[in-house]
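K.L.:
Structure, please.
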Amino acid sequence: MTPEALVRSGTSWAAVPFVPEIRLLTAAEPFGLWDLTERDAPPFWAFPWAGGQALARYVLDHPEIVRGRRVLDAASGSGLVAIAAAEAGAASVIAADLDPNAVAAIGINAHANDAAAVAARVLDLDLAADDPSGAQVVLAADVFYQRELAGLALRFLRGAAASGADVLVADPGRAFLPAEALTPLASYEVPVLAVLEDASVKRVTVYGLSEVDGLAEPAR
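P.N.:
Numbers count the residues shown, from 1 in each chain. Reported below is the predicted structural model:
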């Protein structure tokens with residue numbers, strides 16, 4: 001089964017609860033689709049996660065952040081944040097994810113939302129090998145849920161900031177959020193799928209990356 005066929009097989013179109021301007025191919029539950037993917041990681045691309053919803057909302061409500069600029073959406077998942085950036089007027093958007101199935105989902109979702117500025121590509125959050133691809137704005141949502149990934153993500157984002165990019169992240173208070181490295185910009189009460197979270201609503205904060213020098217790694 002091709003990635004495109006797999007993505008379509010276990011999903012259906014649905015408006016994003018907190019960003020109804022955008023619709024995504026969404027799974028009703030993760031487990032059956034996860035079995036189909038034959039991957040170690042769950043199909044993160046099949047759901048509008050809390051952080052992604054909040055960051056997409058923030059970008060759409062503050063389009064000046066991305067308008068006319070080159071944007072990288074790191075660990076893009078479904079492509080929700082990348083699509084929001086395109087709709088807010090970004091000159092170009094790279095929606096990057098390690099999972100080839102996510103890249104397929106991003107392409108389908110971007111096309112359905114007429115987000116022609118979005119280009120999907122495979123990219124690992126490892127600054128030893130990757131860079132922010134000339135982006136002027138780097139966006140990342142829901143990347144601090146696991147210790148190793150949180151460390152990689154913070155290094156990646158710090159590298160992007162050091163290269164001159166504006167960096168925005170969104171997180172619902174996951175265990176490895178490096179709060180000391182971030183400056184809160186806005187908070188939202190975001191409706192989420194009960195099958196994914198321990199509540200029907202999560203409070204999500206959108207942050208800017210603080211000064212690069214002296215930032216600590218996430219708590220271990």
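K.L.:
Check the protein for its longest helix and report it.
P.N.:
Longest helix of the chain, by residue count under DSSP state H: helix 147-162.
K.L.:
Who are the packing partners of that helix?
P.N.:
Helix 147-162 sits against strand 70-74, strand 137-141, strand 166-171, strand 201-209, with contacts defined as 3 or more C-beta pairs under 8 Å, 6 or more residues apart in numbering; DSSP states H and E. All C-beta spots, glycine's among them, are computed from the backbone N, C-alpha and C.
K.L.:
Kindly recompute the last result at 7 Å.
P.N.:
strand 137-141, strand 166-171 (3 or more C-beta pairs under 7 Å, 6 or more residues apart in numbering; DSSP states H and E).
K.L.:
Out of these, which is the most enclosed?
P.N.:
Mean neighbour count (mean count of other C-beta atoms under 10 Å) peaks for strand 137-141 among the helices and strands packed on helix 147-162, with a mean of 28.
K.L.:
what about dumping the CA coordinates of it to PDB?
P.N.:
This file holds the C-alpha atoms of strand 137-141, laid out as PDB (Å, rounded to 0.1, in the frame of the first residue of the first chain):
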ATOM      1  CA  VAL A 137      10.200  31.700  10.600                       C
ATOM      2  CA  VAL A 138      10.300  28.200  12.300                       C
ATOM      3  CA  LEU A 139       7.200  26.800  13.800                       C
ATOM      4  CA  ALA A 140       7.000  23.700  16.000                       C
ATOM      5  CA  ALA A 141       4.000  22.200  17.900                       C
END
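K.L.:
Provide the strand pairings for it, with the direction of each partner.
P.N.:
Paired neighbours of strand 137-141 in the sheet (DSSP bridges): strand 70-74 (parallel), strand 166-171 (parallel).
K.L.:
Quick one: closest of those strands to A153.
P.N.:
strand 70-74 (7.3 Å; C-beta to C-beta).
K.L.:
relative to helix 147-162, how tilted is that closest one?
P.N.:
Using axes from the mean of the first three to the mean of the last three C-alpha atoms, to 10 degrees, one finds that strand 70-74 and helix 147-162 are set 170 degrees apart in direction.
K.L.:
List the buried residues for strand 70-74?
P.N.:
70-74 (16 or more other C-beta atoms under 10 Å).
K.L.:
One more: stretch 180-189?
P.N.:
181-182, 188.
K.L.:
Check stretch 188-206 too.
P.N.:
Residues of stretch 188-206 classed as buried: 188, 190-193, 196, 202, 204-206 (neighbour count, 16+ other C-beta under 10 Å).
K.L.:
related to what we said a few turns ago, can you add mean pLDDT and distance to A86 and give the helices and strands packed on helix 147-162 back as JSON lines?
P.N.:
JSON lines is the format used below for the helices and strands packed on helix 147-162 (pLDDT from 0 to 100; distance: least, C-beta to C-beta, whole Å):
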{"stretch": "strand 137-141", "mean pLDDT": "97", "distance to A86": "12"}
{"stretch": "strand 166-171", "mean pLDDT": "97", "distance to A86": "16"}
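K.L.:
mind showing which ranges of the protein have poor pLDDT?
P.N.:
Across the chain, the ranges flagged by pLDDT under 70 are 30-32, 34, 37-41, 124-133, 211-220.
K.L.:
Just list whatever residues bridge to A95.
P.N.:
Bridge pairing for A95 - DSSP bridges - gives D73, A120.
K.L.:
what residues are up against it?
P.N.:
73, 76, 79, 82, 106, 118, 120 (C-beta atoms under 7 Å, 6 or more residues apart in numbering).
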